[in-house]
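1. test case, fold it:
(one chain, ligands or ions: 1)
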Amino acid sequence: MATTRLDVVTAEREVFSDDVDEVIAPGVEGQLGILPHHAPLMTTLLPGELLIKKGGEEFYLAISGGFIEARSDRIIVLADAAERVEEIDVARAEEAKRRAEEKLAEHVPGVDMAQAEAALRRSLARLHVVRRRRRRRPGVQT
Ligand code: ATP
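-> Numbers count the residues shown, from 1 in each chain. All right, here's what the predicted structure looks like:
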């Protein structure tokens, strides 16, 4: 089966680098499935889940937005932040979600809520990825 190189990087570190079968990314216009030999593409990613398929296995990363570039032999994800599921601190994500919801509920007139909305989306993406893994592997603590 054909594979393609996937590199997921942030400004700070390389999060994932391997040959993979398929990538499904949270594109700005919806879920974006990319197989090997994909037509060249570059687009924006929203906060969400990056699903990686490799040899019958699935890996999940939480992405807090960024860009994806696909070439015939390579996929590069430049993420603002990205974590493998096992790296996600659930308590921290829940606390970030609580803070963001509190801020949004305050509804202070004239205050830009975009930051709180973005923080909420990042926290929800992290919690979603953690829950996905729990569903797939019952009994595994994350
Ligand atoms: P917080 O308010 O908890 O810092 P945030 O959404 O503002 O959350 P980011 O700015 O997206 O955080 O990320 C800053 C750094 O912290 C990145 O390196 C990111 O990977 C890491 N990070 C953020 N939240 C978590 C988490 N829940 N678990 C593990 N790493 C996290």
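2. could you use CA atoms for every contact and neighbour count after this?
-> Fine.
3. give me every residue in the protein lying close to the ligand.
-> 64, 81-83, 87-90, 92-93, 96, 119, 122-123 (C-alpha under 6 Å from any ligand atom).
4. rerun that using 5 Å as the cut-off
-> Proximity of the chain to the ligand, by C-alpha under 5 Å from any ligand atom, involves residues 81, 88-89, 92-93, 96.
5. in helices only, show me the residues you listed.
-> 92-93, 96 (DSSP state H).
6. how about JSON lines for those, with pLDDT added?
-> JSON lines is the format used below for those (pLDDT from 0 to 100):
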{"residue": "R92", "pLDDT": "98"}
{"residue": "A93", "pLDDT": "98"}
{"residue": "A96", "pLDDT": "97"}
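7. other SSEs contacting the longest helix that the chain contains?
-> Assignment by DSSP H gives helix 114-136 as the longest helix of the chain. The contact analysis (3 or more C-alpha pairs under 8 Å, 6 or more residues apart in numbering; DSSP states H and E) places helix 114-136 against strand 41-54, strand 57-71, helix 90-106.
8. just to revisit the earlier point, any chance of a PyMOL selection covering the buried ones in the ones in helices among the residues of the chain next to the ligand?
-> This is the PyMOL syntax for the buried subset of those, where burial follows 16 or more other C-alpha atoms under 10 Å:
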select buried, resi 93+96
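9. what about stretch 82-91, distance to the chain center?
-> In terms of C-alpha atoms, centre = their mean, to the nearest Å, the centre of stretch 82-91 is found 11 Å from the chain centre.
10. which non-adjacent residue is nearest the residue nearest to the spatial centre of the chain?
-> The chain has I63 as the residue nearest its centroid, 2.4 Å off, counting by C-alpha atoms, centre = their mean. Nearest residue to I63, sequence neighbours excluded (C-alpha to C-alpha, 6 or more residues apart in numbering): A82, at 4.5 Å.
11. count of neighbours near that neighbour?
-> For A82, the neighbour count with other C-alpha atoms under 10 Å is 29.
12. quick one, grab the pLDDT at it.
-> Turning to A82, the model gives it a pLDDT of 98.
13. and what of M1?
-> 76.
14. and the gap between it and L35?
-> The gap separating M1 from L35 is 11 Å, by C-alpha to C-alpha, to the nearest Å.
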